[in-house]
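Colleague: Turn this into a structure:
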Amino acid sequence: QLHLVESGGGLVQPGGSLRLSCAASGFTLDYYSIGWFRQAPGKEREGVSCISSGDGRTYYADSVKGRFTISRDNAKNTVYLQMNSLKPEDTATYYCSLAIDPSLEPADFGSWGQGTQVTVSS
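Modeller: Modelled structure (predicted):
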């Protein structure tokens with residue numbers, strides 16, 4: 001059974017950093033594209049970043065380019081999202097998910113984790 005668990009969220013001041021983790025079990029993470037998404041209250045879920053299977057090509061939403069970095073540790077079967085220069089508008093629940101092909105569209109993904117809350121506030 002495919003299973004993803006997000007962790008690493010928390011409360012951080014504007015300008016601060018967090019590193020989110022997406023740990024996979026029941027499958028080899030490198031066989032899939034893994035995406036990070038976020039959803040703020042009252043808003044639709046939106047794609048943040050994605051890393052493709054195999055060559056590890058990375059994709060970012062315009063709103064996070066230059067601030068967020070996605071990476072994959074195959075030995076740990078985990079994908080990370082390093083978030084720097086955080087802004088209040090980054091506040092949301094962050095989810096990871098998997099897909100066959102890289103994408104930032106939530107509809108292209110399945111087997112969602114439970115999410116981890118990120119709050120950026122002074």
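
Colleague: Next, the most centrally placed residue in the chain: secondary structure please.
Modeller: Centroid-nearest residue in the chain: Trp36, 2.4 Å away (criterion: Cα atoms, centre = their mean). With DSSP: H, G, I helix; E, B strand; the rest coil as the basis, Trp36 sits in strand.

Colleague: bridging residues for it?
Modeller: Taking DSSP bridges, one obtains Ser49, Cys96 as the residues bridged to Trp36.

Colleague: So it sits against Glu46, correct?
Modeller: No: judged on Cβ atoms under 8 Å, Trp36 makes no contact with Glu46 at a distance of 10.2 Å. For the C-beta atoms, the positions are set from N, CA and C on the backbone; glycine is no exception.

Colleague: residues contacting the residue nearest to the centre of the chain?
Modeller: 20, 22, 47-50, 70, 79, 81, 94-96 (Cβ atoms under 8 Å, 6 or more residues apart in numbering).
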